[in-house]
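> From the sequence below, what's the structure:
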Amino acid sequence: MRSDPQLFRDERWLRQHALGLLHFYYPDCLDHRFGGYVAQLSDTDGHVYDGKAKHLVAHCRLVFDFAVGELLDGPNWCRSAASHGVTHLREWRAEDGGYAWVRSGREVADPRRTCYGHAHVLLAYATAAKADIVGAEPAVHETADLIAERFREDEHGLCRGKLTADWEPDEAYRGQNANMHTCEAFIAAYEATGEEEYLDRAYTIAERLALELTDAGDGLLWEHYTTDWEIDWSYNRDDPTHMFRPWGYQPGHLLEWAKLLCTLAEYHDADWLVERAAHFFEAAVENGWDDEHGGLVYTFDRDGDPIVEDKYFWPPCEGMGAAARLATVTGEDDYWEWYDRFWTHAWDTST
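I've put the predicted structure just below:
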């Protein structure tokens, strides 16, 4: 089916589409042998190609997905599947409160503790708490406190990224990506519990990265920093195609921040939030959109020229969310046009 922009703004169709995506995973993703979910389903025919590997982030995202299905008044299995995931996530938790990066079956395969992973744990619990999944809300507070204790660097207002199984530093690197997801998770924690402290933590991360460190650089949000949270312009300069830490600006992350800043603006009256969201959005589409073939390049350099021109699935998704948020908060129709453009490109290139 070719794209139809009218459908993409229809709330009933969007709900149906979201539940259809969940149905692709359910019930095959439920793992009754090792617990939790099997995330490794082929995107061509849905067959399970690895029934043992369990990645913390993939598990948390499925908890989030099924909890959203429950919030959308989806089928009863959305609730039971979300509860199934929360139960296993509680079993994943170690005695010291941390969550290993990867498990194989029921055994730990990679014991490292990451801020990125724990941010997704918090997001999963918070979203499940919004859906009134039993046991989720107490886990929100527990996980929020753990992140503050183990990852947050109070003198910088930001979080370090990777630690060993004994909570010792594992690298001399700081990055915005894990902090962006931590900001997202604390917003969700605030929405789930009403705890103002969680909103304050989210705002502090946004202010430090999207305002102060952005202004200290080129006016856009750089990805890589030193352990003192100084901009590291050289990190991976010789490896610009690195999958997870490429050199350059990432349009997808600029759009993701635009979405988060608009969400924060619902709860905080700082003028810079929406202004900076619009600035990030404009930079992402101006420098990242491929006018000839459509889609967003993966990275661009400090002069706005493309570096990695490969197209990934997730940046247009962030673009949809950012465009819808900005259109709603500003009332400007240009954002709805971008919303349609992101959807049309994603639909026509993936179906």
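
> which parts of the least confident helix or strand in the chain by mean pLDDT are buried?
None of the helices or strands of the chain scores lower by mean pLDDT, DSSP states H and E than helix 5-8, at a mean of 89. Neighbour-count burial for helix 5-8, counted by 16 or more other C-beta atoms under 10 Å, picks out F8. From N, CA and C alone the C-beta is placed, and that goes for glycine too.

> Might you quantify the distance of it from its chain's geometric centre?
25 Å (C-alpha atoms, centre = their mean, to the nearest Å).

> Packing partners of it?
Using 3 or more C-beta pairs under 8 Å, 6 or more residues apart in numbering; DSSP states H and E as the contact test, the elements touching helix 5-8 are helix 333-350.

> what stretches of the stretch 1-150 of the chain score poorly on pLDDT?
Flagging of the stretch 1-150 of the chain using pLDDT under 70 yields the residue ranges 1-2.

> Apply 80 and report the result again.
Applying pLDDT under 80 to the stretch 1-150 of the chain flags residues 1-3.

> Tell me where it has strands.
40-41, 48-50, 53-55, 102-104, 107-110, 113-114 (DSSP state E, counting those that start in this stretch).

> distance of the closest residue to E195 other than its chain neighbours from L30?
Nearest non-adjacent residue to E195, counting by C-beta to C-beta, 6 or more residues apart in numbering: A189, 6.9 Å away. For A189, the distance to L30 (C-beta to C-beta, to the nearest Å) stands at 26 Å.

> Of those two, give the one with the bigger neighbour count.
More neighbours surround A189 than the other of A189 and L30, with 28 against 19 (other C-beta atoms under 10 Å).

> And the helix or strand hosting that one, what does it pack against?
In this assignment (DSSP states H and E), A189 forms part of helix 176-193. In terms of contacts (3+ C-beta pairs under 8 Å, 6+ apart), helix 176-193 is packed against helix 115-130, helix 136-150, strand 158-159, helix 196-206, helix 251-265.

> who wins for proximity to G105 among those?
Closest to G105 of these, according to C-beta to C-beta: helix 115-130, at 18.4 Å.

> Now do the same contact list for A210.
Shown in contact with A210 (C-beta atoms under 8 Å, 6 or more residues apart in numbering): L221, W257, L261, R276, F280.

> Let's have the residues you listed in CSV, adding distance to V86.
Formatted as CSV, those follow (distance: C-beta to C-beta, whole Å):
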residue, distance to V86
L221, 32
W257, 28
L261, 29
R276, 34
F280, 33
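
> Give the burial count for the spatially closest residue to H224 that is not a sequence neighbour, as a bare number.
The shortest distance from H224 to any non-neighbouring residue, by C-beta to C-beta, 6+ apart, is to Y235 (3.8 Å). A count of nearby residues for Y235, using other C-beta under 10 Å, gives 20.
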